[in-house]
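1. below are the sequence and a predicted model for it; my questions follow.
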Amino acid sequence: MPSHSFVNRAKSPAVALETTILVHGLPKDSALETAALFESDIANAGANAALIGVVSGVPTVGMNRQELETLINADTVAKLNTANLGYAMHKGLHGATTVSTTVELAERAGIRVFATGGIGGVHTGYDKRPDISADLGALARHRVAVVTSGCKNILDLAATRELLESLGVPVIGYQTDVFPAFYQRETDLPVDARFDDAKELADYLSFELTRNARGVVVANPIPATSEIPQQEWEEWLSKARSLPSVMESKGRDATPAVLAEVHRLSDGRTIEANIALARSNATVAGLIAANM
Ligand code: PSU
Ligand code: MN
């Protein structure tokens, strides 16, 4: 039965990659190419990429090209968080892993480092209706370090930072003193500690992940040359939010709907920046894994 299989092709030192960013977060027509860029960045840093997803109900760590093509070409691929992962396995469905399910499956495969773009968090408007990503709870439960450029301010960044604090998840700045805002390097939100050297960071993470059963957020700001000025970004975002496709989307579809519209409104500049920051995270994660 598919619900009992688990494919683990991870090769140490391994860096996990998620499939939601490829299937739901960025344009599908270039997803294979984008995945290849992340993989070569990790290889150049001295580690091995392990792309994670669910193929016909089978959680697969270290997906091959053919499996990725299957997900990219499938009509429906569930966006999996920790709530619907088991159901997709039970039913033999295809699924793309978000941060929450990537850390769960990476931990099971023995991988301790994961590179992504942005983590999920606390959505704005949580005072009226809480929409809080399962990513945060998962980071509190699984011993994996996630290298991320923070989160987009489609989320409430300050509330997200506070919740990570409440959950006791360390937030470490890699060559930064602040928790970055995805397309922008700077915010006024603090990190718990700063590391400038990948080797020393790897030593700390080895220790921290062994000491504890929870994860660590490693914040790596977008490369300065790829930053998008706050004001431009805000304009695209407010336009996107007024569109019916975004206003009518709910729950798990909310983030992909906004992302698709800002990618269109920005003429692809948000796509370019997103890939640049994710590649930088792949490199940093590769350096950490290679030094652990
Ligand atoms: N942020 C992005 N791009 C993405 C995601 C977040 O800029 O593709 C994805 C990640 O997979 C993240 C997920 O784990 O969205 C969070 O979704 P939700 O808010 O439904 O938990
Ligand atoms: Mn949500």
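-> Right, received. Where do you want to start? Ligands and ions are numbered 1, 2, ... in the order given.

2. give me the residue at the spatial middle of this structure.
-> Central residue of the chain (C-alpha atoms, centre = their mean): Thr116, 3.5 Å from the mean position.

3. ramachandran coordinates for it?
-> Backbone torsions for Thr116, taken as degrees, to the nearest 10, come to phi -140, psi -170.

4. Asn73 versus that one, what's the distance?
-> Using C-beta to C-beta, to the nearest Å, Thr116 is found at 23 Å from Asn73. C-beta coordinates here come from the backbone N, C-alpha and C atoms, glycine included.

5. tell me the mean pLDDT over the helix of greatest length in the chain?
-> The longest helix of the chain (DSSP state H) is helix 269-291. Mean pLDDT, helix 269-291: 98.

6. C-alpha coordinates for it, PDB please?
-> C-alpha atoms of helix 269-291 as PDB (Å, rounded to 0.1, in the frame of the first residue of the first chain):
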ATOM      1  CA  ARG A 269      10.700  41.000 -11.500                       C
ATOM      2  CA  THR A 270       9.300  39.300  -8.400                       C
ATOM      3  CA  ILE A 271      10.100  35.900 -10.000                       C
ATOM      4  CA  GLU A 272      13.600  36.900 -10.800                       C
ATOM      5  CA  ALA A 273      14.200  38.100  -7.200                       C
ATOM      6  CA  ASN A 274      12.500  35.000  -5.800                       C
ATOM      7  CA  ILE A 275      14.800  32.700  -7.700                       C
ATOM      8  CA  ALA A 276      17.900  34.800  -6.700                       C
ATOM      9  CA  LEU A 277      17.100  34.700  -3.000                       C
ATOM     10  CA  ALA A 278      16.300  31.000  -3.100                       C
ATOM     11  CA  ARG A 279      19.600  30.300  -5.000                       C
ATOM     12  CA  SER A 280      21.500  32.200  -2.300                       C
ATOM     13  CA  ASN A 281      19.700  30.100   0.400                       C
ATOM     14  CA  ALA A 282      20.600  26.900  -1.500                       C
ATOM     15  CA  THR A 283      24.300  28.000  -1.500                       C
ATOM     16  CA  VAL A 284      24.300  28.900   2.200                       C
ATOM     17  CA  ALA A 285      22.400  25.600   3.100                       C
ATOM     18  CA  GLY A 286      25.000  23.700   1.000                       C
ATOM     19  CA  LEU A 287      27.900  25.300   2.900                       C
ATOM     20  CA  ILE A 288      26.300  24.600   6.200                       C
ATOM     21  CA  ALA A 289      25.600  20.900   5.300                       C
ATOM     22  CA  ALA A 290      29.100  20.400   4.000                       C
ATOM     23  CA  ASN A 291      30.500  21.700   7.300                       C
END
